[in-house]
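# how would this look folded up:
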Amino acid sequence: MSTAVISRTARRRRWWFLWSLLALSATGITALFVPPYLHGSSAVPIDRAIVGYYASLVIHALPAGLTLIIGPWQFIPKLRARFPRVHRVSGRVYLISVVAASAAAAYAAAVTPSGFPLQVAFYMLIVAWLYTAAQGYRTIRRRDIQQHRIWMVRSYALTFAAVTLRVYLLAGQALLHSVDFRDLYTASAWAGLLGNVFIAEYFIIPRLLTPRARRRQTPAPGPSSAISPALSPQS
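This next block holds a predicted model:
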């Protein structure tokens, strides 16, 4: 077996490992935090004296949980190729859910008792979430597949901030007993937002998507080429 084949196999296995981790953590966090809202409770403390606060969180949680579950499946190439209609319908549901979840989150962020720093983090997340979703829709309408994929990676990185926020929060509650919950929640929100953006922009997009686009845009070799690199015995 050639080194190139081994390298491709290793990359494929790594991709499936990371995808499985993404899908399982998204599903797990959704299953842990969304159902309590359906029973009139919550996994985190909520001040029910604030008018509309709890209702806005419920309205936000349901479509936001849907985006978390749908997202990972949209990134599987074989599913996109074999079931294009399912991919398109799921994409529309995802985009509609982003808009619905953002609208509810905008009110929840406005009335949250957790302070201004948390409000800033949430409003930055809401604006970026809507913008990336809009760009994803715009690029697919223009049939710009590569840019659509890049924008949807950015969109889901922001969607996945709901997971990383809660992972940081649970870890902080287990390790930092002396830190106030409000401060811990605010720090977790900022870490989830900025950390996910950093991972998407500096690891996923440049190393996996953009180089692929450059390779596709590379002009084919002219008639003077003695042999195609793809057919070379050394490839």
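
# CA atoms for contacts and neighbours, from now on please.
Noted.

# hmm, who's touching stretch 33-41?
Contact with stretch 33-41 is made by Ser42, Ala43, Val58, Ala61, Leu62, Gly65, as judged by Cα atoms under 8 Å, 6 or more residues apart in numbering.

# Quick one, which of the residues you listed has the minimum pLDDT?
Among these, Ala43 has the lowest pLDDT, at 71.

# Sort out which residues of stretch 42-60 are buried, please.
For stretch 42-60, burial by neighbour count (16 or more other Cα atoms under 10 Å) applies to Ser42, Tyr53, Tyr54, Ala55, Ser56, Leu57, Val58, Ile59, His60.

# Mind putting those into JSON lines with distance to Leu79?
Below are those laid out as JSON lines (distance: Cα to Cα, whole Å):
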{"residue": "Ser42", "distance to Leu79": "35"}
{"residue": "Tyr53", "distance to Leu79": "39"}
{"residue": "Tyr54", "distance to Leu79": "37"}
{"residue": "Ala55", "distance to Leu79": "36"}
{"residue": "Ser56", "distance to Leu79": "34"}
{"residue": "Leu57", "distance to Leu79": "32"}
{"residue": "Val58", "distance to Leu79": "31"}
{"residue": "Ile59", "distance to Leu79": "30"}
{"residue": "His60", "distance to Leu79": "28"}
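
# residues of the top helix by length along the chain that come out buried?
Secondary structure of the chain per DSSP state H: the longest helix is helix 3-33. Neighbour-count burial for helix 3-33, counted by 16+ other Cα under 10 Å, picks out Trp19, Leu22, Ala23, Ser25, Ala26, Thr27, Ile29, Thr30, Phe33.

# wait, which of those residues is closest to Ala171?
Ile29 (13.7 Å; Cα to Cα).

# so where does the residue lying closest to Thr139 once chain neighbours are set aside fall, helix or strand?
Spatial nearest neighbour of Thr139, excluding adjacent residues (Cα to Cα, 6 or more residues apart in numbering): His148 at 5.1 Å. In this assignment (DSSP states H and E), His148 forms part of helix 145-159.

# what's that helix packed up against?
helix 53-74, helix 116-141, helix 181-199 (3 or more Cα pairs under 8 Å, 6 or more residues apart in numbering; DSSP states H and E).

# got the angle between it and helix 116-141?
Angle of helix 145-159 versus helix 116-141, following axes from the mean of the first three to the mean of the last three Cα atoms, to 10 degrees, is 160 degrees.
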